[in-house]
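Visitor: dropping a prediction and its sequence here:
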Amino acid sequence: MWSLAGLPMPTSEATELHLPCKRHKRMGTLQAVEVRVARALAEYELTGDPTYQASACCSVCGEPSYYTYNEILNFMPVAWRPQPLPESHGWTLLLIEVPAAEHLTERYLFGERLLVQFEFNDNEYWYGTLRSPSGMAPSMPLGSRIGGNYLSGTPIVTTWFPEGHSKTIPVEWPAPGTQDIGSFFIPKDAPDTLLTANLICSNPSCGRFFSYNYSQLNQVLDEQATIGLVSHVKRILTISCPKCQTARVVDEACINSLYKL
């Protein structure tokens, strides 16, 4: 079995890494795909083909090399790998409604993801301890007891319990471009339905939203297909998180799951 033994292993100080050629370990690299993108593609393809291996041609010999998901992961610096959340932790959503005209059929909201250590969670109601700072509720400190309910399977933050007493969360309007927020919609005729307009980072420990919406992602997909970067058999693209740099694959089904802005 081929091994990475004997190769100088990359460090997290590097900004871009390419997998080494399996024929020319110290010379050739697979320039066609960056290692974080290779991991995301392998993860995506494995959902449909458990035998999938990533491949690309060497910059020196021109021959292809094949990598399993674990080989790709082992080549990445630990800091670049998706990190699982600690046990009993999960992401919740703090929402603030945007004033809108009465004739509109949906309520429009901004949302911020907050990390919570759950103490109770029955998939209908929950409460726990806040483990990430809030930009939309800066007066609510880390370690606060908070709770809420669910909308469309997403835990929503509705209540703060300072000193054991329930209190409405003092949400503030974020200044444009200062907070990591996503856009959400709730149909007025289906108040228990939450529709999202933005994708989230695929790294479990990252709470970042991608700013791209439905129309923007479709435009990028169409442009890449026009210049031959997207397979006609499988129309996909990769995007990287601006916070943790984790890459994720976006396909048409993923785009179509978003609220159509």
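Guide: That came through fine.

Visitor: any weak-confidence spans in the stretch 101-250 of the chain?
Guide: 176-179, 225-233 (pLDDT under 70).

Visitor: now the strands for it?
Guide: Ranges of strands in the stretch 101-250 of the chain, per DSSP state E, counting those that start in this stretch, are 106-121, 125-130, 145-151, 154-160, 167-168, 182-187, 195-196, 236-240, 247-251.

Visitor: a markdown table for those strands, including distance to Asn203 and mean neighbour count?
Guide: C-beta: built from backbone N, CA, C; applies to glycine. Listed next are these as a markdown table, based on distance: least, CB to CB, whole Å; neighbours: other CB atoms under 10 Å:
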| stretch | distance to Asn203 | mean neighbour count |
| --- | --- | --- |
| strand 106-121 | 12 | 18 |
| strand 125-130 | 20 | 18 |
| strand 145-151 | 23 | 19 |
| strand 154-160 | 18 | 19 |
| strand 167-168 | 32 | 10 |
| strand 182-187 | 16 | 20 |
| strand 195-196 | 18 | 18 |
| strand 236-240 | 11 | 18 |
| strand 247-251 | 8 | 20 |
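
Visitor: quick one: closest of these to Ser205.
Guide: Across these, Ser205 has its closest neighbour in strand 106-121 (8.5 Å, CB to CB).

Visitor: helices and strands around the closest one, which ones?
Guide: Here strand 106-121 touches strand 89-98, strand 125-130, strand 154-160, strand 182-187, going by 3 or more CB pairs under 8 Å, 6 or more residues apart in numbering; DSSP states H and E.

Visitor: check the offset of the second one from the chain's centre.
Guide: To tie it back to what came earlier, the one meant is strand 125-130. 22 Å (CA atoms, centre = their mean, to the nearest Å).
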